[in-house]
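Asker: Below is the sequence, then the predicted model.
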Amino acid sequence: MTRQLYSCLCLLLLVLTGCFKDKGNYDLHPINELTITSTTPDTILVNQFDRIKMQVEIAQTMPSGDYNYRWTVYPYINAGSVNDTLGLSTAIDTVVKVNPGDYTLLFAATEKKTGISTFKKFFMRVSSIYSEGWIVLDGEGGDQQLSLIRPDGSVMRNVYQTANGEKLPANSFRVRVLNVYIGDQDIFLISKDGGVSMDYISFKKQLNYPNWFFKAPDTIAPANIFYNKLGVAGFVINNGKVHYLPFSYQGPRRYGAPLEGDYVISPYVFPMMSSDNAIFFDTKYRRFLSHANGKLTPLISPAGSAFDLANVGKTLVYAGESNNDFHNCLFKDLTADKFYVYRLNTAATNMAAEKYDVVDAPEIKDARLFASSGIYLQIYYAVGNKVYLLDIPAQKARLVYTFPAGTQITAMRLKMSTSLLISYPDNNRVITFGTLENNEGKVYSFSISNTGDFVNNTFTKVYTGFKKVVDLEYKNRK
Amino acid sequence: MQRLLYLISFVILFGACQKESLQAYSSTALVYFYEAVRYKTITDDSITYSFAVVPDSVLTDTIYLPLRIIGEASKTDRQVGCELIAAASTADPSTFEILPAIIPANSYTGTIPVKVNRAAVLKKTEMRLWIQIINSADFKTGVSDQLKYLIRLNDFLSKPSSWRDNLFGKYSNVKYDLIIKATGVVDYTGLDYISERNLLQECRNALYAYENDHGFLYDENGEPVVFP
């Protein structure tokens, strides 16, 4: 009996242990908080291969913590790239080996016990001697060169031959600097019979023109290469056909077979803001075509449109970006020297937005160089030694600058960002001209005023010592 | 006596707290067909081989059916048992020969080689060879639903197992013939998106060129051939 009693008592004791009050620790205790400071400014400007020395000071509210420290660097536009570790203490003293571009330099202090991290971010802009500036293509035939006019005014001459030990492809006529959405920058040179791509750091040759494609086109006749505004798709216009490459998918960076259809595409193209969309002008049937997802579709004008997108009935002389989503298209009558500006609104359901006659535009029929303003309803055009400005709504042009007699304007380019991801403080505010004066090529830079005229009616800078300037292109900082 | 009982109980109880090292698989090795998973849902449990998509000069070829084992690798080659399931197969003996299958030394994978011959009968009739793994001296059969593999063998165009409707649209022999003539590609396994786009564009261009010369291209079902 006593034994059973003891057994019951033991059992009761076991059961009663479940009734213990939980005396857990639910009090709130302050944790050690860190404040990280540095005498180095939050924005760091360095050149590639410079040595950076930095130190952070750490103040703790409860100085006792044991921490791991780590310095990492990753691209400022971060598309999931791997961080590089630069150091594991509160100071770094290292050589900047990352490619030119914008980066986040991150210092992290992680408490070993809790795993809680405290961060300090720095913006690091890494430059190189070729980071930014006007690329100048000059010379003729098989004797051409690429040079870079840097923002400080210094000129890096013959950069392609310096990097590659070979001449440029003969009869090159166009340089293009294009930016992919993940931050890559590509430089292309197009010549009469091909072209080359180059890396943005050193102008080292990457691929010859036929290797831009899965299969080289049967007829090599490059006219233009461009990326859409988001940088998610690239297009090559070759022999009037469109070759397409979507960047946001896995696979080789090669342009595909030409998009099927009965068309001859103009080199003047209309990159759009969204997705891989773009508009093209078919010079065969004088109509606009829309591109989406590797397919070309003719555009149709609804009733009440300013013009017929499916049958313009005129020759496209020039097209360029205007303000917002508009593009200016300069058309000419098929037979008469009569000109029109059709304005295409690529963001609207009905893209045929506006139509203006060009009533009074001196010498426009002889012009070969045009530049549409991205902020005003204006188009610059150059003839001989004169620069005119066409005021589209006013339907007339005025002379804005005259170079000395005997000067021939051979190239003209407005500083205009072609990417949604790239912006310039002086976007659409600077225009450059290549001229030939007494057999010497020169590059003139002008600032544009609020009226579209040139500030003080004169150039801001002139660079000399070139051959005949064929093309100009602004290389955005990278 | 009672105390002794308590002591023994304690010893037994604490015996359970001893750490035990992991035990390796030591039974007879098992073998099964490896069915690779593609696009999350498609598994390779069959293969179609058509002499129609290889040059006329090819009179024989060998298909390799992938194997994997459960168990340890061996220092010597090991034989895998396999046979044709005669009841389920429609196979002319002149069209195929199952060659000896092994798991090579120091390997966890191997193949069953099946030699196929371009026989006249394949022009009209598709052979269906159900190959089954059976026990051998070295292996027992493994994963129960991965012991059979189907080979479809013919000498006329037929839908390849790597065909994807979301890439080319609805299958037809005429469309497949056009694709092969335009691109030379007969197997669409493992293509990345950009290469797929290029392949599709080459097909569209071929169809566009045909239509310009001859009008619509109709398939064997009387439907016009179109690509997405």
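Answerer: Perfect, thanks for sending it.

Asker: Low-confidence stretches in the chain?
Answerer: I'll assume chain A. A:1-2, A:5, A:8, A:10, A:18, A:20, A:65, A:79-82 (pLDDT under 70).

Asker: Not quite, go with chain B.
Answerer: B:1-26, B:36-44.

Asker: Write out the residues of it neighbouring chain A.
Answerer: By the rule Cβ under 8 Å from any Cβ of the partner chain, the part of chain B lying against chain A is B:192-198, B:200-202, B:204-205, B:207-208. In this view, the C-beta of every residue, glycine as well, is placed from N, C-alpha and C.

Asker: Go through those residues and name the one nearest chain A.
Answerer: Distance to chain A, by Cβ to the nearest Cβ, is smallest for B:I194 among these, at 2.7 Å.

Asker: can you give me how far the lengthiest helix in chain B is from the chain middle?
Answerer: Criterion DSSP state H: the longest helix present in chain B is helix B:193-214. Computed by Cα atoms, centre = their mean, to the nearest Å, the chain-centroid distance of helix B:193-214 equals 29 Å.

Asker: re the thing from before, would you mind listing which of the residues of chain B next to chain A are buried?
Answerer: Neighbour counting by 16 or more other Cβ atoms under 10 Å in any protein chain shown classes B:194-198, B:200-202, B:204-205, B:207 among the residues of chain B next to chain A as buried.

Asker: re the thing from before, give me the contact list for the longest helix of chain B.
Answerer: A:214, A:244-246, A:249-254, A:256-261, A:294, B:167-168, B:178-179, B:181-183, B:185, B:188, B:191, B:217, B:225-228 (Cβ atoms under 8 Å, 6 or more residues apart in numbering or on different chains).

Asker: just stretch A:416-430 next, same as before
Answerer: A:77, A:178-179, A:181, A:183, A:226-227, A:229-231, A:271, A:273, A:321, A:373-375, A:414-415, A:445-448, A:474, A:476.

Asker: now do stretch A:243-254
Answerer: A:180-182, A:211-214, A:217, A:227, A:231-237, A:255-259, A:276, A:291, A:294, B:192-198, B:201.

Asker: residue ranges of the strands in the stretch 351-478 of chain A, please?
Answerer: Assigned by DSSP state E, counting those that start in this stretch, the strands in the stretch 351-478 of chain A fall at A:352-358, A:369-372, A:378-383, A:386-391, A:396-402, A:408-414, A:430-437, A:440-447, A:461-466, A:469-475.

Asker: in chain B, which spans are helices?
Answerer: B:2-15, B:165-168, B:173-183, B:193-214.

Asker: now chain A
Answerer: According to DSSP H, the helices that chain A contains are A:2-16, A:159-164.

Asker: Tally up the residues packed near the residue lying closest to A:F173 once chain neighbours are set aside, please.
Answerer: If the residues on either side of it in the chain are set aside, A:F173 comes closest to A:V470, at 5.8 Å by Cβ to Cβ, 6 or more residues apart in numbering or on different chains. Using other Cβ atoms under 10 Å in any protein chain shown, A:V470 is surrounded by 21 other residues.

Asker: Just the buried residues of the contacts of stretch A:416-430.
Answerer: Using 16+ other Cβ under 10 Å as the threshold, A:178-179, A:181, A:183, A:226-227, A:229-231, A:271, A:321, A:373-374, A:414-415, A:445-446, A:448, A:474, A:476 are the buried ones among these.

Asker: where does the nearest residue to A:Q145 once chain neighbours are set aside sit relative to chain B, distance-wise?
Answerer: Once flanking residues are discounted, A:Q145 sits nearest to A:N158: 4.4 Å by Cβ to Cβ, 6+ apart. Relative to chain B, A:N158 is positioned 35 Å away (Cβ to the nearest Cβ, to the nearest Å).

Asker: mind listing what A:N158 touches?
Answerer: Going by Cβ under 8 Å, 6+ apart, A:N158 touches A:145-147.

Asker: From those residues, pick the one nearest chain B.
Answerer: Distances from chain B to those, taken by Cβ to the nearest Cβ, are shortest for A:L146, at 29.1 Å.

Asker: which parts of stretch A:248-260 are buried?
Answerer: Those would be A:248, A:251, A:254-260, for stretch A:248-260 by 16+ other Cβ under 10 Å.

Asker: Nearest to B:L129 among the residues you listed?
Answerer: Comparing those against B:L129 with Cβ to Cβ places A:G251 closest, at 35.4 Å.

Asker: circling back: now the longest helix of chain B - C-alpha only, CSV.
Answerer: C-alpha atoms of helix B:193-214 as CSV (Å, rounded to 0.1, in the frame of the first residue of the first chain):
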residue,chain,number,x,y,z
TYR,B,193,16.6,31.7,-75.4
ILE,B,194,18.7,33.8,-77.7
SER,B,195,19.7,30.8,-79.8
GLU,B,196,16.1,29.7,-79.9
ARG,B,197,15.1,33.1,-81.1
ASN,B,198,17.6,32.9,-83.9
LEU,B,199,16.5,29.4,-84.8
LEU,B,200,12.9,30.5,-85.0
GLN,B,201,13.8,33.5,-87.1
GLU,B,202,15.6,31.3,-89.6
CYS,B,203,12.5,29.1,-89.8
ARG,B,204,10.2,32.2,-90.3
ASN,B,205,12.5,33.4,-93.1
ALA,B,206,12.4,30.0,-94.8
LEU,B,207,8.7,30.0,-94.6
TYR,B,208,8.4,33.6,-95.8
ALA,B,209,10.7,32.7,-98.8
TYR,B,210,8.6,29.7,-99.6
GLU,B,211,5.3,31.6,-99.4
ASN,B,212,6.7,34.3,-101.7
ASP,B,213,7.4,31.7,-104.4
HIS,B,214,4.6,29.2,-103.9
